[in-house]
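>>> Okay, predicted coordinates and the sequence, questions at the end:
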Amino acid sequence: MSLPAGAPAATAFINARLIDPETNRDEPGGLVVKGGEIADLGAHLRRNAPGGAEVVDCRGTILAPGLIDCQVFTGEPGYEHRETLKTASHAAAAGGVTTMVVMPDTMPVIDQVALVDFIQRRARDNAIVHVHTMAAMTKGLAGEEMTEIGLLKRAGAIAFSNGKTSVANTRVMRNVLNYSKDFGALIVHHTEDPYLSDGTAMNSGEIATRLGLTGVVKAAETIVLERDVRLVEITGGRYHAATVSCAESLEVIRKAKSRKLPVTCGVSINHLVLNESDIGSYRTFFKVRPPLRREEDRAAMVKGVASGEIDVIVSSHDPQDADVKRRPFAEAADGAVGIETLLAAGLKLVHSDQLSLMAFLRALTINPAKLLGLPAGRLAKGAPADIVQFDPNETWFLGKDCLRSRSKNTPFDETTLQGRVLRTLVAGQTVYQSPGTQRT
């Protein structure tokens, strides 16, 4: 893309705090963006900018790699009334997310080459952040017949998932892992036994009993996870547990990694900052899948991120409209939007000294980039200029009118958050700028 006449050849961001989890860089400095890439960075650019460059004074705020969200449910195609690629991308940009991976739970399911191509074309025409497709591992997400993983990967699918459901058929799951190995494909699995979780509303325990709700035991998660790890051991396929939520699951992952198996895992931001007590008096915006667990499990998830045993953090952005959320808790749909509040919600852990900023950002930048084979997620010369500028201390009130997502089912509705995205760049272009943020 050619620059318009009179446009600066480069943009220099000075007076910033540079944070790069790949190199553990955390220092005052600046960086120069040119041609969609990072042309230079370091402490020598803290006060000085190269001649001819447009200058942006960051005023001591943080510059970090743009966030990579590996689990984003959108409604397109089929459920556009909940979310479109366009609205999801605008919400992502406002949350500092420069790359989002969309899930195959659409209508029709993304299980064919033509549908992967459809998502790519729609994203190219409508989205303002990078969009990658996670295709279905079984046809129709039914868990009975494997998709054409090789053809889908060649068409551009970045990984394969069965969406919000587990593959209960062990033979099918083994075939998926075995077949995917031939193509170096990543299998991302939601670990929850459907026979134990069917008809349940929240985590099993005292609070569920007190609320009169049917609970699901944590074993529903660990049973599937343990089975999958055994299958990985047999097949050697690359495996990622989408969102673990309890200490017992983390122990399974820990043992698998100690045996050098190709196993990784993620955690939802909801399970890092919320627990089952937040459900309160049947607040359906807190009904998610897997369900919110006990405080002990939440703390274990945070420790897992800090230790690196949990590889990535995801928003698990799952837009649901009012019709399916304004129901009795047991009947309400699972899901919460989260891509726009991903950074701010996680900074709660940083401000409360539960998690270092470096460990938090590592699980949102370089770790998912390496997992998915993307060139992003780092601040380095020649790296894509996918960057987020944020003030970790600025407070703001989240009302429904603030959300750019088409759906408003956020568990942080009408709360004050600390930490705000000021600017998001994708390939060097500003795709989001907070009102009041100065350019020079």
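Arrived safely.
>>> the strands in the stretch 301-440 of the chain, which residues?
For the stretch 301-440 of the chain, the strands defined by DSSP state E, counting those that start in this stretch cover 312-314, 387-398, 415-426, 429-433.
>>> Give the buried residues for the second one.
Neighbour-count burial for strand 387-398, counted by 16 or more other C-beta atoms under 10 Å, picks out 387-392, 398. The C-beta positions use only the backbone N, C-alpha and C, and glycine is treated the same way.
>>> Same question for the last one.
Along strand 429-433, the positions that meet the burial threshold by neighbour count (16+ other C-beta under 10 Å) are 430-433.
>>> out of the buried residues of strand 387-398, who's nearest Gly52?
Ile387 (20.3 Å; C-beta to C-beta).
>>> List the beta-bridge partners for that closest one.
Bridge pairing for Ile387 (DSSP bridges) gives the partners Pro65, Leu425.
>>> Quick check: it touching Val32?
No: applying C-beta atoms under 8 Å as the test, Ile387 and Val32 come out as separate, 11.4 Å apart.
>>> Common neighbours of the two, please.
13, 38 (C-beta atoms under 8 Å, 6 or more residues apart in numbering).
>>> want to throw the buried residues of strand 387-398 into CSV with distance to Ala256 and pLDDT?
Putting the buried residues of strand 387-398 into CSV (distance: C-beta to C-beta, whole Å; pLDDT from 0 to 100) gives the following:
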residue, distance to Ala256, pLDDT
Ile387, 34, 98
Val388, 32, 98
Gln389, 37, 98
Phe390, 34, 98
Asp391, 39, 98
Pro392, 34, 98
Leu398, 37, 95
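>>> Distance of Leu342 relative to Ser316?
10 Å (C-beta to C-beta, to the nearest Å).
>>> More neighbours: which of these two?
Neighbour count, other C-beta atoms under 10 Å: between Leu342 and Ser316, Ser316 has more, with 30 against 25.
>>> Phi and psi next, for that one.
phi 50, psi 40 (degrees, to the nearest 10).
>>> Tell me the pLDDT of it.
Note for Ser316: predicted pLDDT of 98.
>>> Identify the residues contacting it.
So Ser316 contacts 71, 73, 243, 268-270, 288, 336, 338 (C-beta under 8 Å, 6+ apart).
>>> Enumerate every residue touching Ala92.
69, 72, 98, 100, 129, 339-340.
>>> now Val113
With C-beta under 8 Å, 6+ apart, Val113 has these contacts: 148, 151-152, 155.
>>> on that earlier part again, nearest to Ala359, of the strands of the stretch 301-440 of the chain?
strand 312-314 (9.9 Å).
>>> so what secondary structure elements neighbour that closest one?
strand 67-72, strand 263-268, helix 269-273, helix 366-372 (3 or more C-beta pairs under 8 Å, 6 or more residues apart in numbering; DSSP states H and E).
>>> List the contacts of that strand.
69-72, 242-243, 264-269, 272, 305, 342, 346, 360, 363-364, 367-368, 371.
>>> After the helix or strand Ala123 falls within, heading C-terminal, what element do we hit next?
Here Ala123 sits within helix 113-126, counting by DSSP states H and E. Later in the chain than helix 113-126, the nearest helix or strand by DSSP H and E is strand 130-136.
>>> roughly how far is that following strand from the heart of the chain?
Counting by C-alpha atoms, centre = their mean, to the nearest Å, strand 130-136 is centred 12 Å from the centre of its parent chain.
>>> That one packs against which elements?
strand 97-102, helix 113-126, helix 149-155, strand 159-161.
>>> among the contacts of Val113, who's most crowded?
Leu152 (25 neighbours).
>>> what packs against the lengthiest helix in the chain?
Taking DSSP state H as the criterion, the chain has its longest helix at helix 219-235. For helix 219-235, the elements it packs on are helix 170-181, helix 194-197, strand 238-241, helix 247-258, judged by 3+ C-beta pairs under 8 Å, 6+ apart.
>>> Need the contact partners of it.
166, 170, 173-174, 177-178, 181, 189, 191-193, 196-197, 237, 239, 241, 244-246, 248-249, 252-253, 255-256, 259, 261-263, 290.
>>> Looking at the buried residues of strand 387-398, which is nearest Thr84?
Leu398 (21.5 Å).
>>> Looks like that closest one contacts Gly338 (just checking).
No: look at Leu398 against Gly338 with C-beta under 8 Å: they stay out of range, at 11.6 Å.
>>> list residues touching both of these two?
Contacts common to Leu398 and Gly338, judged by C-beta under 8 Å, 6+ apart, are Thr410.
>>> Could you check how far Ile269 is from Pro368?
Ile269 is 13 Å from Pro368, by C-beta to C-beta.
>>> Kindly report the same for Gly338.
15 Å.
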